[in-house]
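Visitor: Could you work out the structure for the sequence below:
(chains A and B)
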Amino acid sequence: MKTHAREFNESARRYTVDLRHRDLIQKVLAGYYTKRDEYKNRFQNWSGARDLAAEIKWEAINHLDRYLDEFVSKLEARGTKVFWAPGAQEARDYIVGVARQHKVRSIIKSKSMTAEEIHLNDALEKEGFEVIESDLGEYIVQLRREPPYHLVFPAMHLTRQQISDLFHDKLGSEPTNNPEDLTMIARRVMRRKYCEADMGISGANFAIAETGMISITENEGNARLTTSLPKIHVALVGIEKVLPKLSDLALFLPMLATAGAGQSLTCYNTLYGGPRQPGEPDGPEEFHVVLLDNRRTELLADAEQREALHCIRCGACLNVCPIFKNVGGHSYGTTYQGPIGSVITPHLRGLQNWKHLSQASSLCGACTETCPVKINLHRHLLHNRRNAVRSHSSHLGKFFYAGFAFMMRRPASYQLATRLARVAQPWQHLIRGTIIDPLRAWTKTRSFPRLAEKSFRELWRERQTP
Amino acid sequence: MTNREVILSRIHEALKAAAPHPAFYNGATEPSPLPVSPQKWLPPVGKTLEEQIELFRQNAEALKAEFRACSDVSEAIQHVKKLAATGGWKKVGRHRGELTDAVAWELGVTEVQTDHGYGVDDLESCDAGLTQCEALVAQTGSVLVSAPTAGGRALSVLPPHHVVLARRNQMTPDLSAALERMQEKFKEQFPSFLSFISGPSRTGDIERILVLGAHGPKKLTILLIS
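Guide: The predicted model follows:
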């Protein structure tokens, strides 16, 4: 079996030379940068807003037990069924159980990365339930039977031509190059599904402790339809989504929209506080909230990296990451891509298998600078590198660094090494890029700069002796 | 141990080690108290109602919604009639309410009232949905609807044209003020559904090109009645 690291390397190598991919991503993100900056500049003080958002999330995460308790008791008081899921298996079993108990035939789903994380669709389909993704981007990648490319824009890597071909192939629609026509094809398919489905599954962007509500942010209206018409609504919520107060949304909703999509506010920001209440004309008869741990508490236990749980999944760090833009979202092989995915995946799925992701960074810090809740992302990548070495150091690495330290502590041996390197470099082209080239990781695709004729030490000595 | 106890004890255990407060990152010695409202960081809003209405208009129009200030109910009726004629409306969905009643009586097309339940296909085939709202938000150009004031959850999202009838005193400066109004109004008895609607339904999932009417309404009209 290939290791995750090898799969990452192979895929990354493929994508970095794919110019069509690069052009598409650059074009798509250019529009995002313009809009994001436009709406950021409308804030009286974006940086102050980030400070405040970071403090509110800190308060929530560092008193998580208290806020979760409050959230759950408020929800239950108005007839919501809450299930605490310690792991992915328990969450899947519970949701499959609800579907089975109600003899559900058709399930409609709105976008949820947490559902991707626990592979909920696979579990439901295996039990014979039909699950349709209603978010346009998610629907497209579902038809292609591939995971989302980006945690906010799942089909960002596809051109309209590819989507037209896909719809033609799977839905029998007429080929078209017009994004509006393509959207209307999906709209027509989905309309029937909303009316027929007897169960709707959603995620949540925020869980409000004070009032016992979940908040869902979206643009299309698919989440609203998913949670309005079917008689059962199941919301899958990571335990880290908690915000203490309802008024916190006044800050988080605009920040999420600005950082995530370059909007002042997304089209629909909806609060759900229970199943249909007495006197209300519609809404589900049953509302289930599944609270998912799935190793989030392990990240919580790491005080140094706990703030990674502050993440509101806006995807801003992906959009600015030079590595993400080159290797593409699918190379990561994770539910959460980009810098935040590289930080949290080793915690959620095992450090040794995913430590290579900490190297998928130039440590430029663009992610940290753009994060609306000020998570020190590139610092945490360094923490992961350190922890990976600490728990599983390689002998070769140890040997190399011991040699390096030996040489650097002795000026004479350093001088000898630089001289040898100057002599050896002209011969390097003979082995360049081959297995015996010590610099092959670099020289395979790049030329190595020529070493200077004279070292600084030699130049200095010449100047001192007139 | 129940699942709840399992997770809560894991959390309890995990939080024994303290994480540094973000206020200390920049060398501060004690955390700043959290402000009641994030107003001073968010986009600015004028103090007077007139300024707020003007800001709302700009924001709503930027979101591709139609906004119109009407001097009285009869002007609103005239405008909705015009929309019905141009849109060729044959059937509208609505709920009972002071403003929706007044407009719908004059409209003279078949109606689906959602107040006491409705057929999903019946509502789906409506040409427009007519609702009232809880509040308007100047800062973002949003309409806040709730289950009791907008005929439930689906009426404002299923028909292809959503028409909102609002009163001037429903204008609020920002999200904080709108949420505060809800907390004062409902206390502990919140409806099961509250939604901020900002413009007609949209998507950018195909090459990030804006398309209106993804799954919800393609058109949103907001009439502000004096």
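
Visitor: Show the contacting residues for the residue in chain A that chain B sits nearest to.
Guide: The nearest approach of chain A to chain B comes at residue A:221, 2.6 Å away (CB to the nearest CB). For the C-beta atoms, the positions are set from N, CA and C on the backbone; glycine is no exception. For residue A:221, the contact set (CB atoms under 8 Å, 6 or more residues apart in numbering or on different chains) comprises A:267-268, B:157, B:201, B:214-217.

Visitor: can you check residue A:186 too?
Guide: Contacts of residue A:186 (CB under 8 Å, 6+ apart): A:136, A:139-140, A:167, B:214.

Visitor: so what's the backbone phi/psi at residue A:342?
Guide: phi -70, psi -30 (degrees, to the nearest 10).

Visitor: you'd agree it is up against residue A:360?
Guide: Yes - Residue A:342 is within contact range of residue A:360, at 5.6 Å (criterion: CB atoms under 8 Å).

Visitor: and these two? which has more neighbours close in?
Guide: Between residue A:342 and residue A:360, counted using other CB atoms under 10 Å in any protein chain shown, the more crowded position is residue A:342 (30 against 22).

Visitor: just curious, which of the contacts of residue A:186 is nearest to residue A:227?
Guide: Using CB to CB, residue B:214 is the member of the contacts of residue A:186 that lies nearest residue A:227, at 15.9 Å.

Visitor: From residue A:173, how far out is that closest one?
Guide: In this structure, residue B:214 lies at 16 Å from residue A:173, with CB to CB, to the nearest Å as the measure.

Visitor: out of the two, which sits in the busier spot?
Guide: Using other CB under 10 Å as the criterion, residue B:214 and residue A:173 rank with residue B:214 on top: 27 against 18.

Visitor: what's the farthest-apart pair in the contacts of residue A:186?
Guide: A:167 and B:214 (15.0 Å).

Visitor: Around residue B:13, how many other residues sit close by?
Guide: For residue B:13, the neighbour count with other CB under 10 Å is 12.

Visitor: in a strand, that's where it is, yeah?
Guide: No - if the criterion is DSSP: H, G, I helix; E, B strand; the rest coil, then residue B:13 is helix and not within a strand.

Visitor: Need the pLDDT of the closest residue in space to it that isn't next to it in sequence.
Guide: Distances taken as CB to CB, 6 or more residues apart in numbering or on different chains place residue A:301 nearest to residue B:13, at 6.9 Å, with adjacent residues excluded. Per-residue pLDDT puts residue A:301 at 97.

Visitor: pLDDT weak spots in chain B?
Guide: Per-residue confidence for chain B (pLDDT under 70) gives these ranges: B:24-36.

Visitor: which stretch of helix or strand covers whichever residue of it sits closest to chain A?
Guide: Closest residue of chain B to chain A, CB to the nearest CB: residue B:216 (2.6 Å). Using DSSP states H and E, residue B:216 sits in no helix or strand.

Visitor: Look up how far residue A:315 lies from the closest residue to it other than its chain neighbours.
Guide: The shortest distance from residue B:216 to any non-neighbouring residue, by CB to CB, 6+ apart, is to residue A:221 (2.6 Å). As judged by CB to CB, residue A:221 and residue A:315 stand 20 Å apart.

Visitor: and of the contacts of residue A:221, the nearest to residue B:11?
Guide: Proximity of these to residue B:11 (CB to CB) peaks at residue A:268, which lies at 31.4 Å.

Visitor: Contact partners for the closest one?
Guide: A:216-219, A:221, A:223-224, B:157, B:195-198, B:201, B:216.

Visitor: repeat that with 10 Å
Guide: Listed by CB atoms under 10 Å, 6 or more residues apart in numbering or on different chains, the contact partners of residue A:268 are A:216-224, B:142, B:156-157, B:195-199, B:201-202, B:215-216.

Visitor: Ends of stretch B:136-153, what's the gap?
Guide: 18 Å (CA to CA, to the nearest Å).

Visitor: That stretch and chain A, are they touching?
Guide: Yes - using CB under 10 Å from any CB of the partner chain, stretch B:136-153 reaches chain A at B:137, B:139-142, B:144-148, B:150-153.

Visitor: Among these, which lie within strands?
Guide: With DSSP state E as the criterion, strands contain B:137, B:142, B:144-146 from among the residues of stretch B:136-153 next to chain A.

Visitor: got the buried residues for stretch B:106-121?
Guide: Of all the residues in stretch B:106-121, those buried under the rule 16 or more other CB atoms under 10 Å in any protein chain shown are B:107, B:111-115, B:118.

Visitor: Dump the C-alpha coordinates for that stretch into CSV.
Guide: Provided in CSV are the C-alpha atoms of stretch B:106-121 (Å, rounded to 0.1, in the frame of the first residue of the first chain):
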residue,chain,number,x,y,z
GLU,B,106,-56.2,43.9,-4.1
LEU,B,107,-54.1,41.5,-6.1
GLY,B,108,-56.9,39.2,-7.3
VAL,B,109,-54.9,36.1,-8.1
THR,B,110,-55.2,32.6,-6.7
GLU,B,111,-53.5,32.3,-3.3
VAL,B,112,-51.9,29.6,-1.2
GLN,B,113,-52.0,30.6,2.5
THR,B,114,-49.4,28.9,4.6
ASP,B,115,-50.6,29.7,8.1
HIS,B,116,-52.3,26.4,8.8
GLY,B,117,-50.2,24.1,6.6
TYR,B,118,-50.0,23.8,2.8
GLY,B,119,-49.2,21.3,0.0
VAL,B,120,-45.6,21.4,-0.9
ASP,B,121,-46.3,21.1,-4.6
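
Visitor: Domain ranges for chain A, per the record?
Guide: For chain A, automatic domain parsing gives the domain ranges A:43-294, A:402-464.

Visitor: Residue A:335 reaches residue A:117, doesn't it?
Guide: Yes - shown here, residue A:335 and residue A:117 form a contact pair, counting by CB atoms under 10 Å, at 4.5 Å.

Visitor: can you pull the contacts of residue 3?
Guide: The chain I'm using is chain A. Applying CB under 10 Å, 6+ apart, we find residue A:3 in contact with A:9, A:352-353, A:356.

Visitor: not quite, I wanted chain B
Guide: By CB under 10 Å, 6+ apart, the contact list for residue B:3 reads A:83-87, A:90, A:94, A:291, A:293.

Visitor: how about a cut-off of 8 Å?
Guide: Contacts of residue B:3 (CB under 8 Å, 6+ apart): A:83-86, A:90.

Visitor: Report the buried members of the residues you listed.
Guide: Buried among these (16+ other CB under 10 Å): A:83-86, A:90.

Visitor: Identify, from those residues, the entry nearest to residue A:389.
Guide: Of all those, residue A:389 sits closest to residue A:86, with 30.3 Å by CB to CB.

Visitor: Name the nearest residue to residue A:281, sequence neighbours excluded.
Guide: Residue A:281 sits nearest to residue B:152 (CB to CB, 6+ apart), 3.7 Å away.

Visitor: got a list of what the one you found touches?
Guide: When contacts are counted by CB under 8 Å, 6+ apart, residue B:152 touches A:228, A:280-283, B:95, B:114, B:193.

Visitor: hang on, residue B:12 packs against residue A:66?
Guide: No - Residue B:12 lies out of contact with residue A:66 (CB under 8 Å); the separation is 10.3 Å.

Visitor: if I've got this straight, residue A:434 is in a strand?
Guide: No - Residue A:434: not assigned to a strand; according to three-state DSSP it is coil.

Visitor: if I look at the closest residue to it other than its chain neighbours, how far off is residue A:433?
Guide: Nearest residue to residue A:434 in three dimensions, chain neighbours excluded: residue A:440, at 6.8 Å (CB to CB, 6+ apart). Distance of residue A:440 to residue A:433, computed by CB to CB: 6 Å.
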